[in-house]
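Student: okay, predicted coordinates and the sequence, questions at the end:
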Amino acid sequence: MIQKITLFAFILTTISVSSQTIYSKAFGDPNNEPIIYLHGGPGYNSIGFEVTTAQELAESGFYVIIYDRRGEGRSPDKNAKFTFQETYDDLDAIYKKFNFKSATLIGHSFGGIIGTLYAEQYPEKIKSLILVAAPISMQETFLTIIKMSKNMYKKNKDSTNLKYIGMLEKMDKNSLEYSSYSFGHAMQNGFYTPKTPSEQALTIYTKLKTNPKFVTDGATMTYEAPKGFWKNENYTSIDLTQNLKSVLENKIRVFGLYGTEDGLYSEEQIMKLKKIIPLNNFKYMNNCSHNVFIDQQDQFISALKTWIK
């Protein structure tokens, strides 16, 4: 019996866009179904997905592309404008570099905002749009974070943080400070991590801590990005409800992957999303928070194989 062995290679490339280099990396067989991963932020990069999930997804029969947006992560650019149009231009460059006429977009967190807006603008380039822990209404997310944080502080009789929450509630809801402090409370209260992680997730997170590439690049934050997207696009007030409906009206398949322990989204927010995305196209996973592709990696990959292969 001859065993067939398939070798999955990755290709590290840089792409020139308006004389600026965009970091990207390809995993798998170019003949397979193409997937482009859009990272969260703004101000972060694709390293978490790159070192935990891209290769595993490629081994499941996909051609996976990761990249860092202009001015973020490993694509530094002091002249980056941080506009949605600029993110479209970067994606267009990815399509051109890898000779894609169309592809599936995986939009994680803020990347889901970019993916939705791009799909609305260029429906002919989209095979499917997969939203992974992506916000639909930023303002609803901030309210969820504040409400949950406030309840925790009351339960713990934490008068200091209750005072800070009170100050936060009086801020301009559209300000960058309101957004930053809200996410700060989410971070310190563990809203991004599962309360009861699976054995697989624990193993992945443990390996991440000693992965030299993640240790180096995972700490890279671009603080100009949230400032720029707030100034140019007022992204802290964005609501994608109508944009998402428009994408669906263009006959693009839309899917959603969210975790029940993601502190950025209330059950009410998830119910609203389920009314937009077809029920069979949505998974709401237990023991799972914001990093769905780590917290429930097997379910994440299984869902993609079912939906888009």
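Tutor: Here it is on my side, so go on.
Student: for the stretch 151-300 of the chain, give me the ranges with low pLDDT.
Tutor: Across the stretch 151-300 of the chain, nothing is flagged by pLDDT under 70.
Student: which parts of it are strands?
Tutor: 253-259, 282-285 (DSSP state E, counting those that start in this stretch).
Student: nearest to residue 189, out of those?
Tutor: Ranking the strands of the stretch 151-300 of the chain by proximity to residue 189 (Cβ to Cβ) places strand 253-259 first, at 15.5 Å. For glycine as for every other residue, the C-beta is placed from the backbone atoms N, C-alpha and C.
Student: so what does that closest one touch, helix or strand wise?
Tutor: Counting contacts by 3 or more Cβ pairs under 8 Å, 6 or more residues apart in numbering; DSSP states H and E, strand 253-259 is packed against strand 126-132, helix 241-249, helix 267-274, strand 282-285, helix 292-295, helix 297-308.
Student: determine how far the last one lies from the middle of the whole chain.
Tutor: The chain centroid and the centroid of helix 297-308 are separated by 16 Å, computed with Cα atoms, centre = their mean, to the nearest Å.
Student: hmm, who's touching that helix?
Tutor: Under the criterion Cβ atoms under 8 Å, 6 or more residues apart in numbering, residues 33, 35, 52-53, 56-57, 60-62, 104, 106, 127-128, 130, 132, 200-201, 204, 253, 255, 257, 281, 283, 285, 288, 292-293 lie in contact with helix 297-308.
Student: identify the residues contacting the residue positioned nearest the centre of the chain.
Tutor: With distances taken as Cα atoms, centre = their mean, residue 108 lies nearest the centre of the chain, 1.5 Å away. By Cβ under 8 Å, 6+ apart, the residues touching residue 108 are 37-40, 49, 132-134, 292-293.
Student: okay if I get the helices and strands packed on strand 253-259 as TSV plus distance to residue 230 and mean neighbour count?
Tutor: Shown next, in TSV, are those (distance: least, Cβ to Cβ, whole Å; neighbours: other Cβ atoms under 10 Å):
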stretch	distance to residue 230	mean neighbour count
strand 126-132	22	24
helix 241-249	19	16
helix 267-274	21	15
strand 282-285	30	18
helix 292-295	26	25
helix 297-308	30	17
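Student: just send the ones you listed back as TSV, with distance to residue 69 too.
Tutor: Output for those, formatted as TSV (distance: least, Cβ to Cβ, whole Å):
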stretch	distance to residue 69
strand 126-132	16
helix 241-249	19
helix 267-274	24
strand 282-285	26
helix 292-295	18
helix 297-308	22
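Student: nearest to residue 66, of the ones you listed?
Tutor: helix 292-295 (11.5 Å).
Student: for the closest one, packing partners?
Tutor: Using 3+ Cβ pairs under 8 Å, 6+ apart: helix 292-295 touches helix 47-52, helix 199-210, strand 253-259.
Student: quickly list the domain ranges of this structure.
Tutor: Per automatic domain parsing, the structural domains of the chain span 10-137+193-308, 138-192.
Student: out of those, deepest packed?
Tutor: domain 10-137+193-308 (a mean of 19; mean count of other Cβ atoms under 10 Å).
Student: from the chain's centre, how far out does that domain sit?
Tutor: 4 Å.
Student: rewinding a little: reformat the strands of the stretch 151-300 of the chain as a markdown table; add distance to residue 88.
Tutor: Shown next, in a markdown table, are those (distance: least, Cβ to Cβ, whole Å):
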| stretch | distance to residue 88 |
| --- | --- |
| strand 253-259 | 18 |
| strand 282-285 | 26 |
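Student: to residue 219, which of those lies closest?
Tutor: strand 253-259 (23.7 Å).
Student: quick check: angle from the closest one to helix 241-249?
Tutor: Strand 253-259 and helix 241-249 meet at an angle of 130 degrees, taking axes from the mean of the first three to the mean of the last three Cα atoms, to 10 degrees as the criterion.
Student: so which of the strands of the stretch 151-300 of the chain gets nearest residue 141?
Tutor: strand 253-259 (12.2 Å).
Student: that closest one pairs with which strands?
Tutor: strand 126-132 (parallel), strand 282-285 (parallel) (DSSP bridges).
Student: give me the angle between it and helix 297-308.
Tutor: Here strand 253-259 runs at an angle of 170 degrees relative to helix 297-308 (the same axes, to 10 degrees).
Student: quick one, what contacts residue 67?
Tutor: Contacts of residue 67 (Cβ under 8 Å, 6+ apart): 15, 22-25, 36-37, 46, 75, 90, 94.
Student: strands - which of those land there?
Tutor: 15, 22-25, 36-37 (DSSP state E).
Student: which of those residues lies closest to residue 230?
Tutor: Using Cβ to Cβ, the ones in strands among the contacts of residue 67 come closest to residue 230 at residue 22, 22.4 Å.
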